[in-house]
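**Student:** Would you be able to build a 3D model of this:
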Amino acid sequence: MKSAPIKKYRVKRAFKWLSRKLIPRSFRVQKIVRKWSKDDSGNWPPTEHSDKTGLQRYEYSWLSQNGEDGIIRHLFSEIAYESRFFVEFGFGAGQCNALRLIVHEQFRGLMMDGSAEQCYFFNRVAAKLNMPDVKAVHSFIDLDNLESLIRDNHVPRDIDFLSIDVNGNDYWFWKKLSVISPRVVCIEYNAGLGPERSCTIPYAADFDRFSVHPSGFFAGASLAALETLGKNKGFRLLGCDSTGTNAFFLRDDIATPQFPTLTAREAYKPHANWVGRGLSEAEQLEIMHSMPYIEV
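**Tutor:** You can find the predicted model right below:
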């Protein structure tokens, strides 16, 4: 593994940790309030993406990280909203996939995360902006408490949107979920595993993505694994964002001929962040082969 990308990554994490310690909470709350209150993009679909195809044609980030706002906006522009309810676990108070739905589409719903700090900020900002129908619950999610957390917080079975981004047990959590039936699923995949392998980390309730390798490469599941899991759960793969971070699935009973079903090979995008740090797809795959992923 090349040392320079890891060093930069560690410096970035250390800087974020230091910033959290030095900046007062009240200031950070106001900063997030301003983010939630800024104007959404009126340039949609983005004119600068007019030469792109598929979901990438619609990408932009307003309160998401990798163009998810635009993709989610596009999907629901075609299938419409029904429950206007979401569940998202693994999130940041100032940046996550359901925020645009909350702020601009009046969604209700539940956030869950192992970070007490992010849950505190989310709930404080939601209260300041008078959004009583959304809340964040602090919990370290595992297969034993996942569904009870959802039930205990009165989430209806039929919801519009589910987002899973926990950098670890994503595959196992989606496989477990049966108490809700989302129409659209956004789930992170590990692009470093390539488009062919069908594998995931073995389940561990106390999983730590940095325990095997300081790169954080040991995390999540491959796109092919999620494609098969989605099929088994009644979902079809629509595509991925251009950064190679998230895959988007649509429930099978929703008739949408304008959205063709893609294979993992067709939908796959490489991990742009790691490629940008100087690690080729081949080098990433070589590293992955040395780690204890399991075939599924």
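**Student:** residues in contact with the nearest residue to residue 35 once chain neighbours are set aside?
**Tutor:** Distances taken as C-beta to C-beta, 6 or more residues apart in numbering put residue 94 closest to residue 35, at 5.1 Å, once the chain neighbours are dropped. No exception for glycine: its C-beta is placed from N, CA and C like everyone else's. Contacts for residue 94 (C-beta atoms under 8 Å, 6 or more residues apart in numbering) come out as 31, 32, 35, 36, 63, 121.
**Student:** so when I look at the second one, I'm seeing a helix, right?
**Tutor:** Spelled out, that is residue 32. Yes: according to DSSP: H, G, I helix; E, B strand; the rest coil, residue 32 belongs to a helix.
**Student:** export stretch 149-160 as PDB, just CAs?
**Tutor:** Extracted as PDB, the C-alpha positions of stretch 149-160 are listed here (Å, rounded to 0.1, in the frame of the first residue of the first chain):
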ATOM      1  CA  LEU A 149     -35.000   0.700  16.900                       C
ATOM      2  CA  ILE A 150     -37.200   1.300  13.800                       C
ATOM      3  CA  ARG A 151     -40.300  -0.100  15.400                       C
ATOM      4  CA  ASP A 152     -39.800   1.700  18.700                       C
ATOM      5  CA  ASN A 153     -39.600   5.000  16.800                       C
ATOM      6  CA  HIS A 154     -43.000   4.400  15.000                       C
ATOM      7  CA  VAL A 155     -41.700   4.200  11.500                       C
ATOM      8  CA  PRO A 156     -44.500   3.000   9.100                       C
ATOM      9  CA  ARG A 157     -43.800  -0.100   7.100                       C
ATOM     10  CA  ASP A 158     -44.200   1.600   3.700                       C
ATOM     11  CA  ILE A 159     -41.600   4.400   3.300                       C
ATOM     12  CA  ASP A 160     -40.300   6.200   0.300                       C
END
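**Student:** helix or strand right after the one helix or strand residue 78 maps to?
**Tutor:** Residue 78 is part of helix 68-79 when elements are defined by DSSP states H and E. Under the assignment DSSP H and E, the closest C-terminal helix or strand after helix 68-79 is strand 85-89.
**Student:** Packing partners of that following strand?
**Tutor:** strand 108-113, strand 158-164 (3 or more C-beta pairs under 8 Å, 6 or more residues apart in numbering; DSSP states H and E).
**Student:** buried residues in the last one?
**Tutor:** Meaning strand 158-164. By 16 or more other C-beta atoms under 10 Å, the buried positions in strand 158-164 come out as 159, 160, 161, 162, 163, 164.
**Student:** So residue 227 sits against residue 263, correct?
**Tutor:** Yes: the criterion here is C-beta atoms under 8 Å, and residue 227 meets it with residue 263 at 6.9 Å.
**Student:** more crowded one of the two?
**Tutor:** residue 227 (26 against 12; other C-beta atoms under 10 Å).
**Student:** can you confirm that one is in a strand?
**Tutor:** No: Residue 227: not assigned to a strand; according to three-state DSSP it is helix.
**Student:** Now do the end-to-end distance for stretch 86-94.
**Tutor:** Distance between the boundary residues of stretch 86-94 (C-alpha to C-alpha, to the nearest Å) amounts to 17 Å.
**Student:** Now do the contacts for residue 107.
**Tutor:** 84, 85, 86, 98, 101, 134, 160, 161.
**Student:** can you list the residues you listed in CSV and add distance to residue 293?
**Tutor:** Formatted as CSV, the contacts of residue 107 follow (distance: C-beta to C-beta, whole Å):
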residue, distance to residue 293
84, 37
85, 34
86, 30
98, 29
101, 33
134, 35
160, 32
161, 28
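**Student:** now, which of those sits nearest residue 179?
**Tutor:** For these, the minimum distance to residue 179 (C-beta to C-beta) is 13.0 Å, reached by residue 85.
**Student:** Now that that closest one has come up, it's in contact with residue 102, right?
**Tutor:** No: counting by C-beta under 8 Å, residue 85 does not reach residue 102; the two are 10.8 Å apart.
**Student:** part of a strand, is residue 125?
**Tutor:** No: going by three-state DSSP, the assignment for residue 125 is helix, not a strand.
**Student:** Cool, thanks, signing off.
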